[in-house]
Every structure is written in C-alpha cells, then in structure tokens.
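Engineer: Give me coordinates for this.
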Amino acid sequence: MKPICFFSTFLGLFLSAVCVYGAPKAAETVVDRNNLSLRNEVGRAIERGVKWLAIEQNSTSGLWGDEEYPAITGLSLRAILGDPARKNGDKYSAVLDKGYSFILSKTQSDGGIYGKGLASYNTSICLMALLQRKNPEYKSVILKARNFLINQQHDFDSRGKNDNVFDGGIGYGARWAHSDLSNTHLAMEALFYTKKMIETEEGDKLDLDWEAAIAFVEKCQNLPGNNTEEWVSEDPADRGGFVYFPGSSMAGERKLADGKVALRSYGSMSYAGMLSFIYAEMDPKDARVKAVRDWLSHNYSVKENPGLGPQGMFYYFHTMAKALSLTGSVEIKAKDGSLHDWRHELARKLFDLQDPRGFWLNENGRWWERDPVLVTSYALLTLERIYYSF
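Structural biologist: Here you go, the predicted model:
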C-alpha cells in the first residue's frame, strides 16, 4: 500500500521546504527570470499579509479568532512562520511565542489540542503548527497529539472488519459521529509529517491503519467499478472526483438518464482526496490516483471552487497548492486542451483579491470564510507553497 514512488520523492523534497522544516536558503535555488519576478511579487504579497495578521493577534492571550478553536491560531502561526522574509530573532518572535503558548494551553489530558469541540480538526492543524517550529521542547506534546489522532480513527460495527462505509476515516468527533474526507485528510497530513519522530522511539509504535484510511477515502470517490456505493455517479463530469463523505456531497445531487440520483464531485474535496493518496504514498499509476488527477485537470480553475463556486474558495486554493506542489506539477492541461501554469495563475488571482491593507476576505461566508484571519491564513499558506515550489 505504501511503495516508494513518485509522490514520495516530491514529499521528501518538500519536507526540506517551509511546510515543516523551514525555508531553503536563497543561494540553493536557481530560478528563471520569469519565475523569479513572480516569486518576488509573491514574497511582497506574503510580507503584507503577515504584517496584517500579526497585528490581529490578541496581545494578551496570544490567540487569533475564537479561544475554543485553536486551529485558527495554528493556521496563523504557520502562515507567519512561512514568510520568506522572516529571519530568526525577527520582529515576529514575540508574536510567535505568545501564539505557541496559547496552543500549548489548549492541550488536553487525552493528548488532543482543542477547546470545546472539533477535536480532530483542531488537533491536526495545531500538530502541524507545533512541528513546523522545530522546537524540541514540543516533542512530548506532538507525540501525545499524534496518538490522539490515531485513536480517532473509526471502526464501526465488527471490530477489525471493514464493514461500514465510515470505517477507517476520521471525523470532527462529538455530535458528528461519522468520518468525513476533510478531517481524514488533515489527520493523514499531520500523521505523515510526524512519522519520523516516532522512528527513534523504543517499544511499540502506535500508527494509523493507513490501509483502512484509504479504504474510507476511496468510498468518497466517484469511481464506478471501484466504489460500489449506490450514490456513485456514472456521469463523466463526476468520474474520479470526490464528495465530502459517503452519501453526502456539498455540491448536491445529479439525476442521471436512467433516473438514478448520484452525487456531484467538487474541487476542494477532490484535492483532499488526492492529498490523502499522496500521504499514503500510493503509486501514481493506481487507477484511483489517475482518475482524480484527470478530474482535477478537466475541472481546473483559479476562479472558483469547482462545483461550489465561491463557497470554500480559499480552502480550495490551499488544498490545490498543497497537492500540485507536492506532485511537482507545473502545467495543468484543461479539458479543452489548453495549458495552464497553475502557480502563475493562482498567485495572480490572490494578488487581485488581496486588500490594500494586506488581508483577504471571501464575500461568501460559508465555512467561516468571511473571517479575514482564517482566509488570510489560507491565502498566505497558498502563496508560500507557490514561493517555495520555484
């Protein structure tokens, strides 16, 4: 299930970049003139955004957003850490120190990092933030949070058997008793990047059941013949894409010619599905991987979240940038045969959307995207992926 492959190679390369281990030195990278010009523009947009974001921090508590949802603080910290203009001991050190103190204050006795709810979501994002700072003092917190996430993996009905469509996945927890693709891929991301931390640990090492996780992920994919659920769409417009969880798509339903009601695929979850395959180190020749890449190419857009329009657009941009940078993709061939340099097009889209004061905002407020702190964090993390991909 986890062979060394194309995905693994690019993951290894990107691990040396900003996402976890810090930025590469400028001298180590040779960038052509066209890309260098864009990278400089990206750097300036990031610098403006980080400046605005730092000012928005609660100077007393160190948090951003709601105290009960430390994930917002985690995303903000990651965005500031990824600023290529930032230096060790820079002017944001105090901001970072306060933010991380807040994150640590939300650690729970079960190892999770959360407030009143959304335990898996908050823990996954905060775990990535802690890892990114590379502070050895955080190791025990990271390991406990890692074990917490692993213990969130669902196994309904008969223990040890894949006999429920939600088996193998991870959900929000609490009153959301089922798995979903968004939480599952975020947990897989955090667990993938923290793998190396447990390699030197003695004794039994708890790990995610990756095979079960992929079994859940594939049940979210519109791929007839592979996914046998009744809702799977046979319409070519949906083939290979993903939905939110088995039986539910935020993009709604599609009535097929034979009268069957199927679920529509959409952009953000399709990139989440692709990322799940990447973190599981699946072979890029796998039919499931090829199918989602085809769907994403055919539905390429930096104007909207395909299938949802402006809803969740900045979340979509972030998942898109993560997936395409990790696979080393430069040009995307759209359904009409046109070629698109996604880094240039996505960066310029974000330049156009940035407020002169430095922040970003989605006029469509679904999934909290009217919150400028959340949206600015997504935008900065997206631009940082682009910056370090050159």
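
Engineer: rest of the way, CA atoms for contacts and neighbours
Structural biologist: Noted.

Engineer: Centre of the chain to the helix or strand where residue 122 lies, how far?
Structural biologist: Take DSSP states H and E as the rule and residue 122 turns out to sit in helix 119-133. In terms of Cα atoms, centre = their mean, to the nearest Å, the centre of helix 119-133 is found 11 Å from the chain centre.

Engineer: Against which helices or strands is that helix packed?
Structural biologist: Helices and strands touching helix 119-133, by 3 or more Cα pairs under 8 Å, 6 or more residues apart in numbering; DSSP states H and E, are helix 70-81, helix 139-150, helix 181-193.

Engineer: Would you mind giving the orientation angle of the last one with respect to helix 139-150?
Structural biologist: If you take axes from the mean of the first three to the mean of the last three Cα atoms, to 10 degrees, helix 181-193 sits at 140 degrees to helix 139-150.

Engineer: pLDDT score assigned to residue 159?
Structural biologist: Note on residue 159: pLDDT of 83.

Engineer: Give me the number of neighbouring residues for it.
Structural biologist: 10 (other Cα atoms under 10 Å).

Engineer: Please tell me how far it sits from residue 167.
Structural biologist: 10 Å (Cα to Cα, to the nearest Å).

Engineer: And residue 198, by the same measure?
Structural biologist: In terms of Cα to Cα, residue 198 sits 25 Å off from residue 167.

Engineer: List phi and psi for the closest residue to residue 166 other than its chain neighbours.
Structural biologist: Distances taken as Cα to Cα, 6 or more residues apart in numbering place residue 179 nearest to residue 166, at 5.4 Å, with adjacent residues excluded. Residue 179 adopts backbone torsions of phi -80, psi 160, taken as degrees, to the nearest 10.

Engineer: Residue 179 contacts residue 156, doesn't it?
Structural biologist: No - under the criterion of Cα atoms under 8 Å, residue 179 makes no contact with residue 156, lying 10.4 Å away.

Engineer: Which of the two has more residues huddled nearby?
Structural biologist: residue 179 (26 against 16).

Engineer: So for the nearest residue to residue 210 once chain neighbours are set aside, what's the pLDDT?
Structural biologist: Residue nearest to residue 210 in three dimensions, not counting chain neighbours: residue 280, with 6.6 Å by Cα to Cα, 6+ apart. Looking at residue 280, its pLDDT reads 97.

Engineer: Not counting its neighbours along the chain, what's nearest the residue positioned nearest the centre of the chain?
Structural biologist: Taking Cα atoms, centre = their mean as the criterion, residue 319 is the residue nearest the geometric centre of the chain, at 4.9 Å. Nearest residue to residue 319, sequence neighbours excluded (Cα to Cα, 6+ apart): residue 271, at 5.8 Å.

Engineer: Relative to residue 100, how far out is the one you found?
Structural biologist: 29 Å.

Engineer: Between the two, point out the one with more neighbours.
Structural biologist: Shown here are residue 271 and residue 100; by other Cα under 10 Å, residue 271 has more neighbours (28 against 21).

Engineer: For that one, give me the pLDDT.
Structural biologist: With respect to pLDDT, residue 271 has a value of 99.

Engineer: next one: residue 190
Structural biologist: pLDDT for residue 190: 98.

Engineer: so it makes contact with residue 122?
Structural biologist: No - checked against Cα under 8 Å, the pair residue 190 and residue 122 is beyond contact range at 11.2 Å.

Engineer: Not counting stretch 123-140 itself, show me its contacts.
Structural biologist: 18-22, 70-71, 73-75, 77-78, 81, 100, 103, 112-114, 142, 145-146, 149, 186-187, 189-190, 193-194 (Cα atoms under 8 Å, 6 or more residues apart in numbering).

Engineer: Quick check, pLDDT for residue 367.
Structural biologist: For residue 367, pLDDT reads 93.

Engineer: check contacts around it.
Structural biologist: 311, 312.

Engineer: Got the phi and psi for it?
Structural biologist: phi 60, psi 40.

Engineer: what bits of the stretch 101-250 of the chain have low per-residue confidence?
Structural biologist: 174-176, 200, 202-204 (pLDDT under 70).

Engineer: Now do the shared contacts for residue 179 and residue 156.
Structural biologist: 166, 167.

Engineer: where's residue 215 relative to residue 79, distance?
Structural biologist: Distance from residue 215 to residue 79, counting by Cα to Cα: 32 Å.

Engineer: more neighbours, those two?
Structural biologist: residue 79 (27 against 18).

Engineer: Can you verify my assumption that that one contacts residue 380?
Structural biologist: Yes - the pair residue 79 / residue 380 is scored as a contact, 5.7 Å apart, by Cα under 8 Å.

Engineer: Need the residues touching each of the two.
Structural biologist: Common neighbours of residue 79 and residue 380 (Cα under 8 Å, 6+ apart) are residue 50.

Engineer: Just to check, residue 177 is in contact with residue 171?
Structural biologist: Yes - counting by Cα under 8 Å, residue 177 touches residue 171, with 6.9 Å between them.
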